[in-house]
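[1] what follows is a predicted protein model with its sequence.
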Amino acid sequence: MNPPMTYSTAGEALTEQFEGCKLAAYQDQKGVWTIGYGHTAGVKEGDTCTQSQAAQWLMQDIQIAVDAVNRLVTTDLTQPEFNSLVDFCFNLGAGNFEGSTLLKLLNAGNITGAAAEFDKWDHCGGQVVAGLLRRRQAETDEFLSSATGVDS
């Protein structure tokens with residue numbers, strides 16, 4: 001069994017870049033009440049938080065994604081691969097990651113095939129969402145960066 005990996009500062013920056021931070025609850029594109037950096041657990045209309053609380057929730061939510069990736073991936077990963085998978089899992093949830101073709105291909109050793117799966121997760125409500133497409137492309141770039149000699 002591989003030792004657990006940790007999310008790097010480059011990974012955290014990726015998540016923060018795409019999540020942004022809102023200190024008042026809002027409904028995301030699916031209508032889910034969200035606050036801070038994409039935090040959804042227990043959030044309801046009218047909720048507010050401080051920047052400090054948003055940062056604390058971010059670290060807790062990232063840890064859930066880190067734990068899921070460490071538990072579900074059975075093959076060795078580079079740091080950039082791990083970073084991209086944690087961001088993907090953070091955004092889509094561990095359940096979606098666990099059932100994904102991306103994970104199946106990755107665990108089968110098909111890195112190229114796994115990388116090609118990111119862009120398939122750019123829809124919300126049956127429509128391509130430009131922000132999700134940009135995020136999936138950034139995750140793919142991060143995922144493949146160790147193969148091109150760029151390291152994060």
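    On my side now, so go ahead.
[2] who touches the closest residue to residue 142 other than its chain neighbours in this structure?
    Nearest in space to residue 142, with sequence neighbours left out and distances taken as Cβ to Cβ, 6 or more residues apart in numbering, is residue 84 at 4.1 Å. All C-beta spots, glycine's among them, are computed from the backbone N, C-alpha and C. With contact set as Cβ atoms under 8 Å, 6 or more residues apart in numbering, residue 84 has these partners: 11, 14, 118, 139, 140, 142, 143.
[3] and for residue 20?
    Taking Cβ under 8 Å, 6+ apart as the definition, contacts of residue 20 comprise residue 37.
[4] okay, and the residue nearest the centre of the chain sits in which element?
    For the chain, the residue lying nearest the average C-alpha position, counting by Cα atoms, centre = their mean, turns out to be residue 87 (2.0 Å). Residue 87 belongs to helix 79-92 when elements are defined using DSSP states H and E.
[5] would you mark the buried spots in the helix or strand where residue 138 lies?
    Using DSSP H and E, residue 138 falls within helix 130-144. By neighbour count, and taking 16 or more other Cβ atoms under 10 Å as the criterion, the buried residues in helix 130-144 are 132, 135, 136, 138, 139, 140, 141, 142, 143, 144.
[6] CA atoms only: put that helix into PDB for me.
    Once non-C-alpha atoms are left out, helix 130-144 reads as follows in PDB (Å, rounded to 0.1, in the frame of the first residue of the first chain):
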ATOM      1  CA  ALA A 130     -17.700  27.500 -19.300                       C
ATOM      2  CA  GLY A 131     -16.300  27.700 -15.800                       C
ATOM      3  CA  LEU A 132     -16.400  23.900 -15.300                       C
ATOM      4  CA  LEU A 133     -14.800  23.400 -18.700                       C
ATOM      5  CA  ARG A 134     -11.900  25.800 -17.700                       C
ATOM      6  CA  ARG A 135     -11.600  23.900 -14.400                       C
ATOM      7  CA  ARG A 136     -11.500  20.500 -16.100                       C
ATOM      8  CA  GLN A 137      -8.900  21.800 -18.500                       C
ATOM      9  CA  ALA A 138      -6.800  23.100 -15.600                       C
ATOM     10  CA  GLU A 139      -7.100  19.800 -13.800                       C
ATOM     11  CA  THR A 140      -6.000  18.000 -17.000                       C
ATOM     12  CA  ASP A 141      -3.000  20.300 -17.500                       C
ATOM     13  CA  GLU A 142      -2.000  19.700 -13.900                       C
ATOM     14  CA  PHE A 143      -2.600  15.900 -14.200                       C
ATOM     15  CA  LEU A 144      -0.300  15.700 -17.300                       C
END
